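Asker: Sequence first, predicted model second:
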Amino acid sequence: LNATCSMRSQVAVWALARAVQLHAPPAARALSRAAQHLPTSGKYAAARAAKAKDLAALPECVQLARFEGELAAGSCIAPESQHTFASAGLSHEDALAILRAGLTTFCLHVESRIASAIGEGFYTIGPCGEELLGAVGLVLRQTDPLALHYRHVAAQIARQLAAGRSLEAVLLDRARGYTVSSQDPVAGGVHCCIGGGPTDFLVTSTLASQTTPAVGRALALAFAHHLKVPSPSPRDAVSFVSVGDGSVNNAHFLSGINFAHYAQFNGIKCPVVFAISNNEICISLKGKRYLTKDFVRGLRMPVHVADGRDMLDVYAATRDAVRTAREGARPVAIVYDNLPRRFGHAATDRQAAYLTAGEIRAAADANPLAGACAQAVAQGVVTYEALTAMLADIKGMVTAAFAAASAEPKLTSREDLNARVAAPLAPVPAAPAVITAPLTPAPAGPQANVMRKHMTGVIDELLTQHRETVYISEDGVHGGYYLVTEGLAAKHGARIRDFPPDETALIGVGVGYAQMGLLPIVEIPYAKYLDCGADMFFEAVLMNWLSNGRQPNGMIIRLQGFDRGVFGGNFHTHNMLHIPPGLDVVCYSNGEDYARGWRHAFRQAKAGRIVMSVDSTHLLNLRHLHDGDDAWRRLFPRQGEMMSFDQVVKYGTGRKIAFVTYGNCVVTTLRACRTLATQHGLADVCVIDTPYLSRASAGLLQALEGMERVVFVDVCKAGQSPLAAFVVELQALGRLPQKWQLVAAQPTYNPLGTTLTFTSEDDVIAAALRVIA
């Protein structure tokens, strides 16, 4: 029926089914669709029946019963509207679609509270006043990127039904989210998210974190097609993102708005619609009209305002806002004002602590759906009898969907949860896990170069060979703070692009770029500055886990300004690293490994993984290991050579002490080894350079076989060191030698003008002598 009949036909069938219920004898009445969908047995039905009296007293259930009575009596009251159906451009069929999505949304919210009350549901934040936002799902094209606030379920339902999905399928998937079924196609059982379509992008519970990726998607639309890169959305698409009125105060939203302003000012195409639903309360904080009387006046873009209780106004304003964004390729805002929050923010909300009894009652009684039904009936779109049948049918189907979803398997495997944190590794050609090198490397010859030059070379190579690659930064066009991107803008044009110094926006735009088919390299100018965009960084990393691999954000984050230096102080020599699950972190010690490693990193980013490459400032122009020997300059690797995450470089062949280290401390440790040999007679040592820091690699495990002792030499501060995690991992695997030491930088911050706090040669020597003793 849902796949083949028009909306008018379905309403006719609903009316017929209701007539059968009302007038047929009991045997025939049992055949109605509504009754067929109601579960009569099973755990869910039994739990519902056992608590029937308590459930009936829930505010949501009371209001649903009241609404059913209003429809049966034909007593709904239409809001005053400046529009007619004709002036709003709302067809009868679309009006029915909005009502259907709204009724479905209301029933889902009610059932989510019921499911929670009987111990079968685990998410109770829901729409309770925003049901008419189904208009959004009809105005937008199916190919327009969409990211919805968690209360804007109606927009998603309308969009999915318009795409041809059956109501049964949509309801079952929504119920799976509420009951955390492992069969949920959106989040796979880890959260309750809105989404499901190829251009529906998941939103977390972190306020407004969906904003900057939406701006990134808007910026990427024309850009990807200009580069002839396959993209899920066409050139003329509009990126739509919605938030609640409280979210406009969050730094994520302000960052996204400012970034869109900047793009518009500079003539960069940025077709994005910022939608704000305003119910004048953020959990318990009242809005006091701040949004409409003050905040929106500061938006330097067209602002459309709709009465959220008026279906005609919601549709007309949404249509106009989207049209303005699409035709002008520019940012636009729309405010859905005058919305009630009919019930508490969630089932645990104690409204009586901050609202009067009268305020709670007035909000619960304010039902935008009732007004929309009255509008539709007055226009001859539908009858109250048909609406009554429609609601009864949907109500039964929703209950059946929750019963079915709650019986499906939940996630029970730690291994499965661990496996989904990142996209699968892309296969690479087989190579030795341990690369050997002498403890005292020899000069590579006149063609060798410092690390910085090889960094420039490999970035240029990736841009040249892969047209989807783009490099975004705050200071990269003219070469950057360290000249790593010098000359690349002249060669690659707009694919090297600078944006304002806002790390939240920079990372968010990188996410949006990745979702539209580009492969961004996002440069963070100093390691400390990653903290400024920390939440967006973590959001980007966890999305593969949240979406069960359906929405990876493949990219490379290039983190500059790390570790040893006398200039800039702590804020430009930061030596702490964030390594959340799902992030691949690498830190190379020389230019040859950097170039080979970046080729591998790019392959993994293209497969959907996020790789963070950490650049040690002290190494960028380093030429000498010992006394002017020119041994740290390297040759650029041959085409196709790469270094995988599982490979390490082992300097020397000694077995008495293995030093495990990375980045700056490779040089520090190699220098300390010469002192240990000449002054302490300890020459039977080796240094294992392990650039991959997210876990102990296969190469490290192999290189440690047969070692008598190990000293871990960490660049990062004590208490913040990645190698401390290696110790734990190796111990759990039974691969940690009995005698070991861990040395790290000082657990303080780095003052200007000195290297006193960084891991030093003396620290390494002292640790070696302790492990020998």
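Answerer: The structure has been received and is ready for your questions. Numbers count the residues shown, from 1 in each chain.
Asker: quick one, helices of the stretch 1-150 of the chain?
Answerer: 7-23, 26-29, 33-37, 43-50, 52-56, 59-73, 85-88, 92-117, 134-139 (DSSP state H, counting those that start in this stretch).
Asker: Turn those into CSV, columns for mean pLDDT, distance to residue 158 and mean neighbour count.
Answerer: For glycine as for every other residue, the C-beta is placed from the backbone atoms N, C-alpha and C. Below are the helices of the stretch 1-150 of the chain laid out as CSV (pLDDT from 0 to 100; distance: least, Cβ to Cβ, whole Å; neighbours: other Cβ atoms under 10 Å):
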stretch, mean pLDDT, distance to residue 158, mean neighbour count
helix 7-23, 43, 11, 17
helix 26-29, 34, 31, 10
helix 33-37, 52, 21, 18
helix 43-50, 96, 27, 16
helix 52-56, 97, 28, 11
helix 59-73, 98, 19, 17
helix 85-88, 96, 16, 16
helix 92-117, 98, 4, 24
helix 134-139, 98, 3, 28
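Asker: now those helices as JSON lines including distance to residue 404?
Answerer: Below are the helices of the stretch 1-150 of the chain laid out as JSON lines (distance: least, Cβ to Cβ, whole Å):
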{"stretch": "helix 7-23", "distance to residue 404": "21"}
{"stretch": "helix 26-29", "distance to residue 404": "23"}
{"stretch": "helix 33-37", "distance to residue 404": "10"}
{"stretch": "helix 43-50", "distance to residue 404": "8"}
{"stretch": "helix 52-56", "distance to residue 404": "19"}
{"stretch": "helix 59-73", "distance to residue 404": "21"}
{"stretch": "helix 85-88", "distance to residue 404": "37"}
{"stretch": "helix 92-117", "distance to residue 404": "12"}
{"stretch": "helix 134-139", "distance to residue 404": "24"}
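Asker: Compare these and give me the one nearest residue 241.
Answerer: For residue 241, the closest of those is helix 134-139, at 10.9 Å, according to Cβ to Cβ.
Asker: coming back round to it: out of the helices of the stretch 1-150 of the chain, nearest to residue 677?
Answerer: Closest approach to residue 677 among those is made by helix 92-117 (67.6 Å; Cβ to Cβ).
Asker: what's the distance between that closest one and the middle of its chain?
Answerer: 27 Å (Cα atoms, centre = their mean, to the nearest Å).
Asker: same deal with stretch 617-632?
Answerer: Centroid separation for stretch 617-632 versus its chain: 40 Å, with Cα atoms, centre = their mean.
Asker: Over to stretch 515-527?
Answerer: 14 Å.
Asker: How about stretch 743-750?
Answerer: From the chain centre to the centre of stretch 743-750 is a distance of 32 Å (Cα atoms, centre = their mean).
Asker: Check what contacts that stretch and list those residues.
Answerer: By Cβ atoms under 8 Å, 6 or more residues apart in numbering, the list of residues contacting stretch 743-750 from outside reads 569-570, 573-575, 711-721, 723-724, 756-759, 763-764, 766-767.
Asker: Any idea which of the helices of the stretch 1-150 of the chain gets closest to residue 284?
Answerer: Nearest of the helices of the stretch 1-150 of the chain (Cβ to Cβ): helix 59-73, 16.8 Å.
Asker: Next, the angle helix 92-117 makes with the closest one.
Answerer: Helix 59-73 runs at 140 degrees relative to helix 92-117, counting by axes from the mean of the first three to the mean of the last three Cα atoms, to 10 degrees.
Asker: Need the residues that contact helix 59-73.
Answerer: Outside helix 59-73, the residues within contact range by Cβ under 8 Å, 6+ apart are 55-56, 76, 106-107, 109-110, 113-114, 128, 342-343, 364-365, 367, 369-370, 373, 384, 387-388, 391-392, 395.
Asker: what do you get if the cut-off is 6 Å, keeping everything else the same?
Answerer: If you take Cβ atoms under 6 Å, 6 or more residues apart in numbering as the criterion, helix 59-73 is touched by 55, 76, 110, 113, 343, 364, 370, 384, 387, 388.
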